[in-house]
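K.L.:
Need the 3D shape of this:
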Amino acid sequence: MGQGTWVRDPSIAALRGACQFQPGGIGAFAGRFYLKIETSEHSMQFPATMRFSAAQLSIEVSNILGGEVFRANGTSDRISIQSQAYPELNASNVQNWQGIPVAWITQLLRGNTICPDESEWLKAVRDDTDGSWLIATRGANWSIHLMQFGTQPRVQSLTYIPKNSTDSIALSVEDFDDLGRIRRAKVIHQSFSMGWSWKLREN
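P.N.:
Residues are numbered from 1 along each chain as shown. Take a look at the predicted model:
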């Protein structure tokens with residue numbers, strides 16, 4: 001699919017519509033995708049398989065010879081990762097992996113949008129200099145850029161900065177499938193980045 005066009009609508013309705021559009025749903029699904037991970041020490045890209053029931057998540061990442069690179073198991077908001085090849089990726093029942101909320105990772109892999117819940121918005125204003133939306137919540141500041149996907153505004157990129165911190169998480173969406181689910185995207189925290197591109201989804 002194409003990149004779409006920037007949304008310049010000053011109405012907050014476009015932001016609400018983008019945040020509420022969740023085409024990936026919450027049900028079970030499975031599929032294959034390409035995963036790219038970059039750290040301060042490594043840059044790696046591997047095929048991966050994913051299975052997600054209503055309660056359990058399983059991801060297996062292998063090299064081109066079929067050897068296991070790492071295995072992840074968990075739920076929608078907690079994950080454990082085992083890797084002999086890359087021990088710096090290991091984690092045990094964590095809610096944040098490499099600084100990225102596991103709930104974000106599972107939502108994004110489903111194809112859904114990341115947005116702060118509207119009930120948490122303290123302020124939402126549009127920056128006329130670049131068309132972005134600036135949202136303040138009690139815990140963080142968000143900068144969100146929208147794009148148009150057909151008739152539906154979508155989140156194309158965002159930056160999340162916790163209050164009283166210079167730390168940040170950045171998301172960039174590069175493509176959607178025919179149903180509007182995120183097909184290819186990348187999320188970055190400090191020197192760690194995780195990018196993926198779906199090859200086949202079954203749901």
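K.L.:
Show me where this protein has its helices.
P.N.:
Listed in chain order, the helices of the chain (DSSP state H) span 12-20, 102-110.
K.L.:
Pick the most deeply packed of the ones you listed.
P.N.:
helix 102-110 (a mean of 21; mean count of other CB atoms under 10 Å). (C-beta placed from N, C-alpha, C; glycine too.)
K.L.:
Put together a markdown table for the helices of the chain, with distance to S80 and mean pLDDT on each row.
P.N.:
As requested, the helices of the chain are exported to a markdown table (distance: least, CB to CB, whole Å; pLDDT from 0 to 100):
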| stretch | distance to S80 | mean pLDDT |
| --- | --- | --- |
| helix 12-20 | 30 | 93 |
| helix 102-110 | 10 | 95 |
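K.L.:
wait, which of the ones you listed is closest to S165?
P.N.:
Nearest to S165, of all the helices of the chain, is helix 102-110, at 16.7 Å by CB to CB.
K.L.:
starting at the chain centroid, how far to the closest one?
P.N.:
Relative to its chain's centre, helix 102-110 lies at 5 Å (CA atoms, centre = their mean, to the nearest Å).
K.L.:
before we move on, what about stretch 50-60?
P.N.:
Chain-centre distance of stretch 50-60: 16 Å, with CA atoms, centre = their mean.
K.L.:
Could I get the buried residue list for that stretch?
P.N.:
Within stretch 50-60, the residues that count as buried by 16 or more other CB atoms under 10 Å are M50, F52, L57, I59, E60.
K.L.:
circling back: mind checking the helices of the chain for the one nearest to E41?
P.N.:
Comparison of those against E41 by CB to CB identifies helix 102-110 as nearest, at 20.6 Å.
K.L.:
Which residue of the chain lies farthest from its centroid?
P.N.:
Note on the chain: the largest C-alpha distance from the chain mean falls to L65, namely 27.9 Å (CA atoms, centre = their mean).
K.L.:
Report the contact partners of the spatially most central residue of the chain.
P.N.:
By CA atoms, centre = their mean, the chain has its centre lying nearest to L108, at 3.6 Å. Applying CB atoms under 8 Å, 6 or more residues apart in numbering to L108 gives the contacts I114, L171, I182, A185, V187.
K.L.:
if we take those, which one ends up nearest to F149?
P.N.:
Comparing these against F149 with CB to CB places I182 closest, at 10.3 Å.
K.L.:
what's around the closest one, how many residues?
P.N.:
Look at I182: counted by other CB atoms under 10 Å, it has 25 neighbours.
K.L.:
For it, name its beta-bridge partners.
P.N.:
Assessed by DSSP bridges, I182 has beta-bridge partners F176.
K.L.:
Roughly how far does it sit from K163?
P.N.:
To K163, I182 is 27 Å away according to CB to CB, to the nearest Å.
K.L.:
so who does Q22 touch?
P.N.:
Going by CB under 8 Å, 6+ apart, Q22 touches N112, T113.
K.L.:
picking up where we left off before, pick out whichever of the contacts of L108 sits closest to W198.
P.N.:
The closest of the contacts of L108 to W198 turns out to be I182 (CB to CB; 8.2 Å).
K.L.:
I'd assumed G24 was in contact with the closest one.
P.N.:
Yes - with contact defined as CB atoms under 8 Å, I182 counts as touching G24 (7.4 Å).
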